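Asks: The following comprises the amino acid sequence and a computationally predicted model.
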Amino acid sequence: MFWFGVRFLKNPGAGFAAAVFLVLMPRMFGHAHFVETDLMLCAVYFAAACAFLWGLESRWGSVAFGIIMGILPAVKFTGLFAFAPFFLYGILFERRKTLRNAYALALAPLVFFAVQPMYWHAPLAAASGYFGHFLDPKAYTTITTSYFGKLYPKSPPWTYPAVITALVIPLPTLLLAVAGAVASVSRMFKPSEEKPVVSKICVFVLFNALFLIILFSPERVAKYDGERLLMPIFPFWALLAGVGFQILTRRFNVFVRAAAFVVIAVMIATAVYQVRPFYLCYYNCLIGGAKGAERHGMDVMYWGEAFTPQFAARINEKIPPGARIATIGYFSGNLRYFQQMGLLRPDLKIVDYGQDADFLLAFNRNGVLDPFTRYLMQNAPPIIGLKWKGIKLAGVYLLKPGLRFYRAR
């Protein structure tokens, strides 16, 4: 981030501020604790953006761009579409300089196969299977999402990506980013023979900040898990915030600017500290924080991140030997992994939801709860509960031995 500010924005202060704003995004900070493809995609996507701009100036930058564009879809299918905001900017502002990067895309297929040894023995069949899986309508992912009090079993409305983005970025960062975007775009419309280089780069940043929001907006496109599928855009929102801070404070001396930055950073850092360790439950004050999000019918959590080592220790202390424990949704697989890791006692029996069980572990993700589990969470006292800021995040409930769960139809 800092290098981007120095190299392309010609403003080390904006780069430094952007790096701090990115680290202090609670949900980004939370994802940094997990081994996942989403954060990896975020990093590779940002590297591709840097390489594209470098490629406008150097052939080695174009080579790097072609290589990284081959890695992107190997990380995640979403990376296949990353060329769109890059070349939109190139066509609008650089044109001939963009041709070298376009030619470099010939490297991408070679790299795509080179970094995936399982594709080497039958590359054509592997490519067909790769694209066929994601383009097949039957492969459409359906995860029920709670959005402003309504459950959407397929995909929430087109506003979901934009609203989630606005609600999970700390408000000071969001306001500075909007200021940076507005100032940069307004400069582009000022009459002049040649547009300022820095303003053009800010437009490039804006294109990438909005890209996935637009890509995931159509109702046909599956969207769920809050910000998770949108993570590559957050470094660009941080850059816009860095630019916005520099523009708004440019008339003050360095000491006033430094003091203002420290105050803003401390405000945001306090918010990060207050949500630990449930960083993915963060919502900003536009909706009233996590409590307000729950009140307005949003998903408070989506990955079962409430299952901390401390919560596991409480289960190990209270659950009797050999007890059968189930959980609803896709969390049951996680319980088996946690048991293999030693977080749960080996004598506990993890059973699938719907089988005979003695205890039910439920997490506060409204979209995956069936009527029976939702009733338990709303009305029954858990034998082991986890509350945070007045929100019930998780609970272990005692079931009658041998009781069949109610299965919603």
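Replies: Thanks, I have the structure now.

Asks: Return the distance of residue 46 relative to residue 260.
Replies: 27 Å (Cβ to Cβ, to the nearest Å). Yep, even glycine has a C-beta here, placed from its N, CA and C like the rest.

Asks: Those two: who's more crowded?
Replies: residue 46 (21 against 14; other Cβ atoms under 10 Å).

Asks: what's the helix or strand for the closest residue to that one other than its chain neighbours?
Replies: Nearest residue to residue 46 in three dimensions, chain neighbours excluded: residue 235, at 4.9 Å (Cβ to Cβ, 6 or more residues apart in numbering). Taking DSSP states H and E as the criterion, residue 235 maps to helix 234-248.

Asks: What is that helix packed up against?
Replies: helix 2-7, helix 12-23, helix 37-55, helix 171-188, helix 197-215, helix 254-275 (3 or more Cβ pairs under 8 Å, 6 or more residues apart in numbering; DSSP states H and E).

Asks: Now whichever helix or strand comes after the third one: average pLDDT?
Replies: Past helix 37-55, heading to the C-terminal end, the next element that is a helix or strand (DSSP H and E) is helix 59-75. Helix 59-75 carries an average pLDDT of 95.

Asks: quick one: helix 59-75 to helix 37-55, angle?
Replies: 160 degrees (axes from the mean of the first three to the mean of the last three Cα atoms, to 10 degrees).

Asks: what's in contact with the one helix or strand in the chain whose mean pLDDT sits lowest?
Replies: Of all helical and strand segments in the chain, the minimum by mean pLDDT, DSSP states H and E falls on helix 123-135, at a mean of 78. The set of residues external to helix 123-135 that reach it, using Cβ atoms under 8 Å, 6 or more residues apart in numbering, is 77, 113, 116, 118, 119, 139.

Asks: any idea which element residue 395 lies in?
Replies: Judged by DSSP H and E, residue 395 forms part of strand 391-398.

Asks: so what's the closest residue in space to residue 22 that isn't next to it in sequence up against?
Replies: Spatial nearest neighbour of residue 22, chain neighbours left out: residue 238 (3.8 Å); criterion: Cβ to Cβ, 6+ apart. Counting by Cβ under 8 Å, 6+ apart, residue 238 makes contact with 1, 18, 19, 21, 22, 25, 173, 177.

Asks: where in the stretch 201-350 of the chain is pLDDT low?
Replies: 330 (pLDDT under 70).

Asks: So what would you say the end-to-end distance of stretch 359-379 is?
Replies: 16 Å (Cα to Cα, to the nearest Å).

Asks: In that stretch, which residues are buried?
Replies: 359-370, 372-373, 376-377 (16 or more other Cβ atoms under 10 Å).

Asks: In helices, which of those fall?
Replies: 372, 373, 376, 377 (DSSP state H).

Asks: Run through the residues that contact the second one.
Replies: Which is residue 373. With Cβ under 8 Å, 6+ apart, residue 373 has these contacts: 328, 360, 362.

Asks: any idea of the angle the least confident helix or strand of the chain forms with helix 59-75?
Replies: 70 degrees.

Asks: by contact count, what packs against the helix or strand that helix 123-135 is followed by?
Replies: Note on helix 123-135: by DSSP H and E, the next helix or strand toward the C-terminus is strand 145-147. The elements that strand 145-147 packs onto, with contact taken as 3+ Cβ pairs under 8 Å, 6+ apart, are strand 150-152.
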